[in-house]
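[1] heads up, no residue letters with this:
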């Protein structure tokens, strides 16, 4: 168990809808990163939050947005859902040590299906 | 071109076999490299770091060649429990971790 929890675990939405995914980071970790993993692909970096500020963003459109709260938990919001947004969304919790150890602690993910 | 590339496989090998995975990266500024393991329908987990001098952890050996921008993972004496997807990861200090597409391994009885 990594101590990183994500909710919901599964959800189904239709095109054009909006979705909010949630992540609770591991105790003592102040950085949360979000990744999108399509079937048969590796995780693709969406963005990272450090101490409630966005601290890096991948090649995703503005309809992907996020928040980090004072307790370091985080939300990923996706507006105007498209079919290609169907994927596993992974949250990874880390600390400064991760820059050296390379260890990101992932939650089990939220599997989003867009119909 | 993707920043981290891997042969997707699948690699189907018998128990006890030795199998090697390759990975190449395009960003010469990448400073740290790692192998992650992802079981089917589970989250990725760190398997091991990769150093230029090579490093070994039991049956697993990782190697980095900075000149060729090439990373490898060798698994000796494969076990059924080694069946998983192996993700190659590059990291540039201050930037995000970049994952490759993964190589799928099936170890057969």
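    That came through fine. Keep in mind that what you see is a predicted model, and the values were worked out from it rather than measured.
[2] So for the helix or strand hosting residue B:63, what gets flagged as buried?
    In the assignment (DSSP states H and E), residue B:63 maps to strand B:60-65. Of the residues in strand B:60-65, B:60, B:61, B:62, B:63, B:64 count as buried by neighbour count, 16 or more other CB atoms under 10 Å in any protein chain shown. In this view, the C-beta of every residue, glycine as well, is placed from N, C-alpha and C.
[3] count of residues packed around the nearest residue to the second one once chain neighbours are set aside?
    The spatial neighbour of residue B:61 that comes closest, neighbours along the chain excluded (CB to CB, 6 or more residues apart in numbering or on different chains), is residue B:74 at 4.4 Å. The number of residues packed near residue B:74 is 15, by other CB atoms under 10 Å in any protein chain shown.
[4] Could you provide the buried residues of strand B:60-65 in CSV, with additional columns for pLDDT?
    CSV is the format used below for these (pLDDT from 0 to 100):
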residue, pLDDT
B:60, 97
B:61, 97
B:62, 96
B:63, 95
B:64, 95
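[5] Closest to residue A:76 out of those?
    residue B:62 (31.5 Å; CB to CB).
[6] so what's the closest one bridging to?
    Beta-bridge partners recorded for residue B:62 (DSSP bridges): residue B:55, residue B:73.
[7] so it makes contact with residue B:70?
    No - under the criterion of CB atoms under 8 Å, residue B:62 is not in contact with residue B:70, lying 11.7 Å apart.
[8] still on that earlier bit, read off the pLDDT value for the residue nearest to residue B:61.
    The per-residue pLDDT reported for residue B:74 equals 97.
[9] Toward the C-terminus, what is the element adjacent to the worst-scoring helix or strand of chain A on mean pLDDT?
    Using mean pLDDT, DSSP states H and E, helix A:98-101 stands out as the lowest-scoring helix or strand of chain A, at a mean of 76. Per DSSP H and E, helix A:98-101 leads on to strand A:105-106 as the next helix or strand towards the C-terminus.
[10] Contacts for that following strand, please.
    A:2-4, A:26, A:29, A:90-94, B:43-45 (CB atoms under 8 Å, 6 or more residues apart in numbering or on different chains).
[11] Burial check on residue A:91, number of neighbours?
    With other CB under 10 Å as criterion, residue A:91 counts 30.
[12] Please apply the same query to the one 4 residues further on.
    The local packing count at residue A:95 equals 15, with neighbours defined by other CB under 10 Å.
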